[in-house]
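# sequence and predicted model, in that order:
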Amino acid sequence: MDRHYDVIVIGSGPGGASLAHRLAPTGKRILLIERGGYLPRSRANWDSQTVFVDGAYQAKETWYGRNSESFHPGLHYYVGGNSKVYGGALFRMRERDFGEVRHKAGVSPAWPLGYAAFEPYYAEAERLFHVHGQRGEDPNEPPASGPFPHPPVSHEPRIQELHDSLAADGLHPFHLPLGILLDEKDGRATPASTCIRCDAYDGFPCLLNGKADAQVICVDPALRAHPNLSLLTGAYVTRLETDGSGRTVTDVIVRRGGEEERYRGGVVVAACGALSTALLLLRSASDRHSDGLANGSGQVGRNYMRHDQSVLMALMREPNDTVFQKTLAVSDFYFGSDDWDFPLGLIQMCATSHGAQIRGEVLPRWLKWLPKAPFAAMARRSMDFWLSSEDLPHPENRIRYDGSRVVLEIARSDLEAHHRLKRKLKQILSRAGFRPLLLERRLYFGLDIPIGGTAHQAGTARFGTDPSTSVLDLDCRAHELDNLYVADASFFPSIAAVNPTLTIIANALRVADRIKERLT
């Protein structure tokens, strides 16, 4: 068996899959390595008890916090990575996000490359991932070279009513940009549409493959079209080894089926996700790289960001019969408000609550025998919102090893901006005539995982021009190695307040072009 490849990509999430998809037409021998397998397709994919309360698709690992408290990370090891259960909200970062942004709690640093460097790749990423949206609605949207490739996903009547009420109040609600394989007419999925506009989209694996995830969009089509691309599943990369100079990665060491395997690549790309990529670099320590591979700056694993986030369930007097709820967002408070000079963040809708989720959040396990009816009634009267505020990078926010234990240290954020955003949501809903009771949801990513845990991970190997303060150069190649690249959110210097996935995809396409130039 020939285990030499021109390019080895570790991780099949949005970054790794997009990069492999981009490079596959070159004809070079490419190996895509995934530690998990394909997520099983079954009716359980759409069962909220299975997905949220039981956490059936969540990684079965135990990590530790800064005070040695144990938890299970909200990670999903499957072909397609976390995108198998993501909500498909694919935002461009705002143009101002690429510059220095002042918050009350500190400064969000400027990126070494501006928005203009990413705009063409954002456009390609939107086409690749079938993004549905409408230009000109979002008051903070950045300049774009063209329209969205697909029309916006339509609002159902109750959400359209909310939209109209918010607009009458002087706000600028807009259609949420979604990566979705949906064809619709008159607000209904057409007979040939892959997506059927069901209530199991946000946070669920899609049984019909109607979600534009990395497996459906990139991995499977590239494998079908390009025999030079291979996929290795059930393969955990334990470490990377270098040549004697320490400047070139030579070997990718894999544990698969209880056995160790060794693969060689001319170019190696880490795209495991910001947390897992940092862990891979740290456990690849050697005599030449005593603190971890590419870690001469001491920054690998540091500056971890994950957004300050809440999922709020607004209990309404009237039933909410919306099925596909994730269609609306509000960014009017993104960079500030009339009573606050600093950024607050983004409000967007998320999937409809299910009775099993509410029941699982409210009751201890030993009370599961209680009737389900009250919780189903609560779910029917709910309207659900996802709130994101920017998390600032701090060196003490980090992931590291303590012996064999994984430790994720997160200092408490200054949550004043996020609390103000919550109050804004309550105010605008009340002025719109809804007068809700807001309750915080906790089971969006699985059992007992705080919403701020491992969601929207970024920043553990940031890029920059100074090797003493950054891990990667502007092409996302490690400063200290000639052939090691990173293609996930590790490279982010800041995280803004929008979902990071489209930026991950856009940058992966950009990095793929740099690797393509190198290969030719």
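Looks like it came in fine.
# quick one: strands adjacent to the strand or helix carrying Val254?
Assigned by DSSP states H and E, Val254 falls within strand 249-256. If you go by DSSP bridges, strand 249-256 pairs up with strand 236-242 (antiparallel), strand 259-270 (antiparallel).
# for these, which one sits closest to Asp220?
Taking C-beta to C-beta, strand 259-270 is the member of the strands paired with strand 249-256 nearest to Asp220, at 19.4 Å. The way it works is simple: take the backbone N, C-alpha and C, and place the C-beta from them, glycine included.
# now the phi/psi pair for the closest residue to Ser413 other than its chain neighbours, please.
Distances taken as C-beta to C-beta, 6 or more residues apart in numbering place Asp308 nearest to Ser413, at 5.4 Å, with adjacent residues excluded. Main-chain dihedrals, Asp308, degrees, to the nearest 10: phi -90, psi 120.
# now do Asp308, the pLDDT please.
Here the pLDDT value assigned to Asp308 is 88.
# repeat for Gly257
If you check Gly257, the pLDDT there is 94.
# pull the number of nearby residues for it.
By the measure other C-beta atoms under 10 Å, the count of residues near Gly257 is 7.
# skip the chain neighbours and tell me the closest residue to it.
Gly234 is the one closest to Gly257 (C-beta to C-beta, 6+ apart), at 6.8 Å.
# that neighbour: how many residues sit nearby?
Residues lying near Gly234 (other C-beta under 10 Å) number 14.
# quick revisit: can you tell me what sits against the strand holding Val254?
8, 10, 33, 232, 234-243, 260-265, 268, 293, 481, 483-484 (C-beta atoms under 8 Å, 6 or more residues apart in numbering).
# run the last query once more with 6 Å
With contact meaning C-beta atoms under 6 Å, 6 or more residues apart in numbering, strand 249-256 is reached by 8, 234-243, 261-264, 268, 483-484.
# now do the same for the closest residue to Val471 other than its chain neighbours: its pLDDT.
The shortest distance from Val471 to any residue other than its chain neighbours is 4.0 Å, reached at Ala461 (C-beta to C-beta, 6+ apart). For Ala461, the pLDDT comes out at 98.
# check the one 5 residues further on too.
Among the per-residue scores, Asp466 shows a pLDDT of 98.
# gap between it and Leu472?
Asp466 sits at a distance of 11 Å from Leu472 (criterion: C-beta to C-beta, to the nearest Å).
# nearest to Tyr304, out of the strands paired with strand 249-256?
Nearest to Tyr304 among those is strand 259-270 (15.9 Å), distances taken as C-beta to C-beta.
# show me how far the closest one is from its chain's centre.
Computed by C-alpha atoms, centre = their mean, to the nearest Å, the chain-centroid distance of strand 259-270 equals 25 Å.
# low-confidence regions, this structure specifically.
Where the chain drops to pLDDT under 70, the residues are 354-373, 441-455.
# picking that back up, in CSV: the strands paired with strand 249-256, plus mean neighbour count.
Below are the strands paired with strand 249-256 laid out as CSV (neighbours: other C-beta atoms under 10 Å):
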stretch, mean neighbour count
strand 236-242, 19
strand 259-270, 19
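# out of the ones you listed, which gets nearest to Leu171?
strand 259-270 (41.4 Å).
# report the buried residues of the helix or strand just after the closest one.
Downstream of strand 259-270, the next assigned helix or strand under DSSP H and E is helix 274-283. Under the neighbour-count criterion of 16 or more other C-beta atoms under 10 Å, helix 274-283 has 274-282 buried.
# again with stretch 242-258
Judged by neighbour count (16+ other C-beta under 10 Å), stretch 242-258 contains these buried residues: 242, 249, 251-252, 254.
# I'd like those residues as JSON lines, with distance to Pro143 appended.
Listed next are these as JSON lines, based on distance: C-beta to C-beta, whole Å:
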{"residue": "Thr242", "distance to Pro143": "42"}
{"residue": "Val249", "distance to Pro143": "38"}
{"residue": "Asp251", "distance to Pro143": "44"}
{"residue": "Val252", "distance to Pro143": "40"}
{"residue": "Val254", "distance to Pro143": "43"}
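# could you identify the most distant pair in these?
Farthest pair in the buried residues of stretch 242-258 (C-beta to C-beta) is Thr242 and Val254. Separation: 16.4 Å.
# doesn't Leu279 make contact with Ala270?
No. Contact criterion C-beta atoms under 6 Å: Ala270 and Leu279 do not qualify, at 10.3 Å.
# residues shared between the contacts of the two?
Residues touching both Ala270 and Leu279 by C-beta under 6 Å, 6+ apart: none at all.
# number of nearby residues for the closest residue in space to Thr520 that isn't next to it in sequence?
Of all residues not flanking Thr520 in the chain, Thr26 sits nearest, at 7.4 Å (C-beta to C-beta, 6+ apart). Using other C-beta under 10 Å, Thr26 has 18 neighbouring residues.
# can you check Asp466 too?
So Asp466, with other C-beta under 10 Å, has 10 neighbours.
# helix, strand, or coil at Leu502?
helix (DSSP: H, G, I helix; E, B strand; the rest coil).
# my read: it touches Ala89, true?
No. Leu502 lies out of contact with Ala89 (C-beta under 6 Å); the separation is 8.6 Å.
# can you show me the helices along the stretch 201-350 of the chain?
Ranges of helices in the stretch 201-350 of the chain, per DSSP state H, counting those that start in this stretch, are 214, 220-225, 274-283.
# quick one, helices of the chain?
Taking DSSP state H as the criterion, the chain carries its helices at 14-23, 48, 115-128, 157-168, 214, 220-225, 274-283, 355-362, 373-380, 416-431, 501-519.
# out of those helices, which is closest to Pro149?
Closest of these to Pro149 is helix 115-128, at 4.8 Å (criterion: C-beta to C-beta).
# hmm, who's touching the closest one?
Contacts to helix 115-128, defined as C-beta under 6 Å, 6+ apart, come from residues 92, 95, 98, 142, 145, 149, 502, 505-506, 509-510.
# then stretch 311-329?
Contacts for stretch 311-329 (C-beta under 6 Å, 6+ apart): 153, 155-156, 158-159, 163, 173-174, 176, 197, 199, 202, 348-353, 380-386, 434, 436-439, 441, 444, 451.
# which of the residues you listed are buried, as a ChimeraX select command?
A single ChimeraX command selects the buried members of those (16+ other C-beta under 10 Å):
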select :153,155,156,158,159,163,173,174,176,197,199,202,348,349,350,351,352,353,381,382,383,384,385,386,434,436,438,439,441,444,451
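# and Thr520, how many neighbours?
Thr520: 7 surrounding residues under other C-beta under 10 Å.
# roughly how far does it sit from Leu484?
From Thr520 across to Leu484, the span is 19 Å (C-beta to C-beta).
# could you do Arg94 as well?
Distance from Arg94 to Leu484, by C-beta to C-beta: 31 Å.
# which one's more surrounded, these two?
Counted by other C-beta under 10 Å, Arg94 and Leu484 do not tie: Leu484 has more neighbours, with 25 against 22.
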